[in-house]
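Asker: Attaching a predicted model along with its sequence, questions to come.
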Amino acid sequence: MPSADFNIVTLDFCDHCPSPSIDATSFSLPFFHTKTLAELAPNTIKSAAKTVAKDLVSFYHGNEPGNTPGRLPEPYYWWEAGAMFGGLIDYWYYTGDSQYNDITTQAMLYQVGDKDNYEPSNVTAQLGNDDQAFWAMSALTAAEYNFPNPPPNQPQWLHLAQAVFQRQTTRWANNECKVQGGLRWQIFPFNGGYDYVNSISNGCFFNMGARLGKYTGNQTYIEWAEKTWDWSVAVGLIDSKYRVWDGTDSRNGCIDQNNLQWTYNVGVYLYGAATMWNVTQSDVWRNRTQSLLDALGYFFTDDYVMWEAGCETQLNCNLDQQSFKAFLTRWMAASTKVAPWTYPFIMSRLNPSAVAAAQSCVGGTSGTICGTRWWDPRGWDGTTGVGQELAALEALMSPLITQVHAPLTNTTGGTSVGNAATAGTNGDDDLASKFGLFHITQKDRAGAGVLTALVLGTFLGGGVWAMC
């Protein structure tokens, strides 16, 4: 039964998009059948987003007495909290609703660690490059969107992103890949997956380099982004058809790829490539961006509804994988602001996905809980969690992208300040010594969580990956 807070909006749908098999009046959230954003009512979308954001935040208790700011309850991993707060920054950006700003700032600052580089002591031994990078990318988003700055005596958003990037440059090429370069998955060698060199770690590094270069105008970041892209292609993480494979094994020289594809891997490279086009206005980067877009067909149904092809058919996406669509959606929408020529292609996919995501948000006792499979004709598929809410939130908000400003820079109104010179440069050996770990040189993991951990042994052991 529809919530009294919302009006059902039924507009002319695109010809190739799916027709809902459940009557419109059974949905608690509005769903949007539209060809163009001009047909949408922004306040209706914002109302729907408000409900989904509330359901998302209901999973978080870090701001309550006795709990740790910035931490989601088990079984959620640390990285996903950083990604969630990035979603709440997006929520403020799209809607102007500031009700979650205080808990976001509290969490983002509480987790910075002693060196202001998102290496808090309580997660150090399990820290990965992408774990760290998801927090840094949320801080970078805060800088780009002019999210309210922290107090002057606290580290600033730009500084935090720079600190993480600088930290990760010290780990570059610390592996046995025959093509020299790249970041490992794990930081410490005693963690499973230390020998795995994966796309999300390197894609986050590429993404941050491009965006930091754009924000600051510092060419060194752009050079790092170029280097990371070139290495990703040379080692085979990005193939000739612009498919982004999940990773490779440094123990055999990174000559074989794990041929699994996940939405967030292509998404993180896409936004980085679009940003590089914005900075360079180069046909090379335009072609790379368009080629990544052309390779997205694997992640969309024939009706242009996004799905996680590697696990959704049998409804066996693990906790991390349930969130991945959030990031492809987030970065596709953001790409339209830095590479406006991508807008028609991208929104022809995101509009139907927003419709389908809203149709999934009919579960639970509230009638607003979102599911995993947006294409499921039943509407809600019976699943629930942070990942589902975050993914649906990003999808629902994406049609608002024309209502908001493009990412800012330090010359176009961005007010966040940084310090690239010394940020976050203490080595991993210092960490090992501090926490009584055995000596190591430079290392890396990444925030995909159990996703790769559950299946990593099969790949590294020479077997065949089988997720579904």
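Answerer: Ah, there it is.

Asker: Burial check on residue 223, number of neighbours?
Answerer: Applying other CB atoms under 10 Å, we find 12 residues neighbouring residue 223. All C-beta atoms are positioned from the backbone trio N, CA, C, and that covers glycine.

Asker: what about stretch 392-410, start to end distance?
Answerer: The first and last residues of stretch 392-410 sit 31 Å apart, counting by CA to CA, to the nearest Å.

Asker: can you give me the mean pLDDT across that stretch?
Answerer: Averaged over stretch 392-410, pLDDT sits at 97.

Asker: buried stuff in it?
Answerer: With burial defined by 16 or more other CB atoms under 10 Å, the residues of stretch 392-410 counted as buried are 392-401, 403-404, 407-410.

Asker: Stretch 109-122 now?
Answerer: Of all the residues in stretch 109-122, those buried under the rule 16+ other CB under 10 Å are 109, 111, 112, 113, 115, 116, 117, 118, 119, 120.

Asker: what's the answer for stretch 120-130, then?
Answerer: Judged by neighbour count using 16+ other CB under 10 Å, the buried positions of stretch 120-130 are 120, 123, 124, 127, 128, 129, 130.

Asker: before we move on, what about stretch 45-64?
Answerer: Judged by neighbour count using 16+ other CB under 10 Å, the buried positions of stretch 45-64 are 45-53, 55-57, 59-60, 62-63.

Asker: if we can go back for a sec, so which of the buried residues of stretch 392-410 are in helices?
Answerer: Among the buried residues of stretch 392-410, the members falling in helices are 392, 393, 394, 395, 396, 397 (criterion: DSSP state H).

Asker: so the third one makes contact with residue 329?
Answerer: Translated: residue 394. Yes: using CB atoms under 8 Å, residue 394 is in contact with residue 329, at 4.2 Å.

Asker: The residue lying closest to residue 323 once chain neighbours are set aside: how many residues sit nearby?
Answerer: If you skip the residues right next to it in sequence, residue 323 has residue 387 as its closest partner in space, 3.2 Å away by CB to CB, 6 or more residues apart in numbering. A total of 28 residues lie near residue 387 under the criterion other CB under 10 Å.

Asker: swap in residue 190?
Answerer: Using other CB under 10 Å, residue 190 has 11 neighbouring residues.

Asker: repeat for residue 281
Answerer: Residue crowding around residue 281 was assessed by other CB under 10 Å; the count is 9.

Asker: Just the ones of the buried residues of stretch 45-64 in helices?
Answerer: Under the assignment DSSP H, the buried residues of stretch 45-64 contribute 45, 46, 47, 48, 49, 50, 51, 52, 53, 55, 56, 57 to helices.

Asker: For the closest residue to the second one other than its chain neighbours, give me its contacts.
Answerer: So the one you mean is residue 46. Spatial nearest neighbour of residue 46, chain neighbours left out: residue 95 (4.6 Å); criterion: CB to CB, 6+ apart. Contacts here follow CB atoms under 8 Å, 6 or more residues apart in numbering; on that basis residue 95 touches 46, 49, 50, 397, 400.

Asker: Residue 226 versus residue 146, what's the distance?
Answerer: Per CB to CB, to the nearest Å, residue 146 is found 28 Å from residue 226.
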